[in-house]
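Peer 1: Here is the input, now give the coordinates:
(chains A, B and C)
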Amino acid sequence: MIERGHHDMGGLPAGRVERTEHDYADWERRVDAMAVLLNSRITVDERRRSIESLAPEQYDAMAYYERWVIALGQTLIQRGIITTEELGRKMEEVCSRSS
Amino acid sequence: MNDKGSYQPLTYFQLMEVSLRELLVEKGVLTQAQVEEAVEDMRNRTPERGARVVARAWVDAEFKKRLLADGPGACESLGIDVPKLRLVVVENTPQVHNAIVCTLCSCYPRMLLGIPPDWYKSRNYRSRMVREPRAVLAEFGLSIPQEVQIRVHDSTADMRYMVLPMRPAGTQGWSEERLASIVERDSMIGVAVPKA
Amino acid sequence: MQPQFITSYATSVPAKFAVGERVRVRKTAPLGHIRTPFYIRGHTGTIERLCGSFPNPEELAQMRDGLPAQPLYRVRFRQKDVWPDYRGSDDDVLEIEIFQHWLEKA
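Peer 2: As a prediction, the model looks like this:
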């Protein structure tokens, strides 16, 4: 139902709360850190809107910081701080280092 | 990227993190040192900070009054920095039990307590806590009598919440440090209560 | 009414609801980024406090400045009013932060 965002889940039926916790990986902590550092340029509201735009299957399949890193990238592009082209070239460069 | 779409040893998301960070550093938007410092700052924000605030409120009535009226100011008076945190502290009493949720995302008083646990951000907690709090609390092992009112706070906007749990019986004469040691994160979210 | 947090923005809308006043959350489903949860729309509650005035998150999400700042209230709802099948205590409540433009006098 398009009227209700997939993230807007208060009151919907759901299962038992699994009390999972994990010690956040370094890359996740760096995503968090970058979001905080960029706060004056990219608001949390922009990042939330980006996460809310994910398709429901993606929203459900992705872990918390996976959603955050995608939102960070999307909003950086939207704000013109980086471009899609720059990101693609950087990703290719990083990949060629790793292999 | 190889034919299978694998970014070994990095996942797509880890690749994204590295790439965004390096681009931002190259462009002078951030420095690597700033990122590392921010990571360290967040590591140092742990529930122990909230526990100190709770313990002080238990022993000092004036502090407690201030905490309930001006959360950030009270924290700062203890030397606990909470930048830009619009902290609202809600008090448990024999008549009222409070619990916190963010149904829309994961809002949490991070600048005081650090990063929230996975379950707080989970679909099941976010969906059910506003609708059947007693059942969810029971799953956490907390049974609230019918005569006690449950107040569930959904942090939908700029406020961030911390529960001030009740001081348990059997703690008379304890030092502040000892009191703080029994205040765990979950009691400040409202899904647990401290035990002596 | 004294707000919980005193903020200062270039422009802001005056607060029009008082503590204790009954208000109804507008029942509508527009587009964009919204911080009024779906489950509470159409329901009636009581103003518990004025949090202060803040930029509109709906506009901030669209890379605009969100001004004039909008009054934000905590509104208290009885659980049994919101969920027809609520099985807890009759006194149980929900407290939610809602911006003034989503509220009307009940």
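
Peer 1: Sketch out the strands for chain C, chain order is fine.
Peer 2: Here chain C has its strands, by DSSP state E, at C:22-25, C:44-54, C:70-78, C:93-99, C:103-105.

Peer 1: cool, and chain B?
Peer 2: Using DSSP E, the strands found in chain B span residues B:87-91, B:96-101, B:149-154, B:160-164.

Peer 1: State the distance from the residue of chain C found nearest chain B to B:L104.
Peer 2: Residue nearest to chain B within chain C (Cβ to the nearest Cβ): C:E97, separated by 3.8 Å. For glycine as for every other residue, the C-beta is placed from the backbone atoms N, C-alpha and C. In this view, C:E97 and B:L104 are 11 Å apart by Cβ to Cβ, to the nearest Å.

Peer 1: picking that back up, give me the neighbour count for the residue of chain C closest to chain B.
Peer 2: 25 (other Cβ atoms under 10 Å in any protein chain shown).

Peer 1: residues contacting B:R49?
Peer 2: With contact set as Cβ atoms under 8 Å, 6 or more residues apart in numbering or on different chains, B:R49 has these partners: B:C75, B:I80, B:L112, B:L113, B:G114.

Peer 1: Cross these against helices and list the overlap.
Peer 2: B:C75, B:L112, B:L113 (DSSP state H).

Peer 1: Counting neighbours, which of the residues you listed comes out on top?
Peer 2: Neighbour max across the ones in helices among the contacts of B:R49 (other Cβ under 10 Å) = B:C75, 26 neighbours.

Peer 1: What is the neighbour count of the spatially closest residue to it that is not a sequence neighbour?
Peer 2: Computed as Cβ to Cβ, 6 or more residues apart in numbering or on different chains, the closest residue to B:C75 that is not its neighbour in sequence is B:V82, at 4.9 Å. B:V82 has 22 neighbours, counted by other Cβ under 10 Å.

Peer 1: What parts of chain A come near chain C?
Peer 2: Those residues of chain A that sit near chain C, judged by Cβ under 8 Å from any Cβ of the partner chain, are A:3-5, A:8, A:10-11, A:43, A:45-46, A:48-49, A:52, A:78-79.

Peer 1: Turn those residues into a markdown table, columns for pLDDT and distance to A:D32.
Peer 2: A markdown table is the format used below for the residues of chain A next to chain C (pLDDT from 0 to 100; distance: Cβ to Cβ, whole Å):
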| residue | pLDDT | distance to A:D32 |
| --- | --- | --- |
| A:E3 | 92 | 32 |
| A:R4 | 96 | 28 |
| A:G5 | 96 | 23 |
| A:D8 | 98 | 23 |
| A:G10 | 98 | 24 |
| A:G11 | 98 | 28 |
| A:T43 | 97 | 16 |
| A:D45 | 98 | 17 |
| A:E46 | 98 | 16 |
| A:R48 | 98 | 15 |
| A:R49 | 98 | 18 |
| A:E52 | 97 | 19 |
| A:Q78 | 98 | 20 |
| A:R79 | 98 | 19 |
